[in-house]
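Trainee: return atomic coordinates for the entry below.
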Amino acid sequence: MEDPQAIAHTGKSPGAILFMCGLNTIRSPMAEAIARRMLPQGTYIASAGVRAGERNPFVDVVLSEIGLSLGRRQPQTLEELEDDFFDVIITLSPEAHHAALELTRANAIDVIYWPTMDPSATDGTRDQVLDAYREVRDYLLGLIEGRLVEHRGSL
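Mentor: Residues are numbered from 1 along each chain as shown. Alright, predicted model coming up:
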């Protein structure tokens, strides 16, 4: 996977972060769950998709392996978000990145692109598919830890 963009160093942590991908079924809900665990409690964290999607059971499996859960959370689109004010939008797919740039063109919101593979394109045995989901989970965990948590005081 490519080296994703870092959060700009503005001197403070973002208070509201949106993770976006195409369907809000795999990458962005994983990132949301991981960020909720790792970032300060007062940080508003949400995720959404460009289009409506169905919950993916493999996400529940790989998150439970690290003690996380989506709970009752269901995929949502941008239009379904309760709040639409964010300091930063982190996009995880090209489709989401283009949509976020269009959405924010008149706003002062940072849009950061972290290209993240789509594990649902993986064929093979159940174990091979789960390994692809684990790779995405671990990739997102590393990015959030390295780009958001470690720089908390100096973003």
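
Trainee: those strands in the protein, which residues are they?
Mentor: Here the chain has its strands, by DSSP state E, at 16-21, 44-49, 88-91, 110-113.

Trainee: list the buried ones in the longest helix anywhere in the chain?
Mentor: Secondary structure of the chain per DSSP state H: the longest helix is helix 126-143. By 16 or more other C-beta atoms under 10 Å, the buried positions in helix 126-143 come out as 129-130, 132-137, 139-141, 143. In this view, the C-beta of every residue, glycine as well, is placed from N, C-alpha and C.

Trainee: for Arg27, which of the strands of the chain is the nearest?
Mentor: Among those, strand 16-21 comes nearest to Arg27, with 4.3 Å by C-beta to C-beta.

Trainee: what lines up beside the closest one in the sheet?
Mentor: strand 44-49 (parallel), strand 88-91 (parallel) (DSSP bridges).

Trainee: can you redo these as TSV with mean pLDDT?
Mentor: Putting the strands paired with strand 16-21 into TSV (pLDDT from 0 to 100) gives the following:
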stretch	mean pLDDT
strand 44-49	96
strand 88-91	96
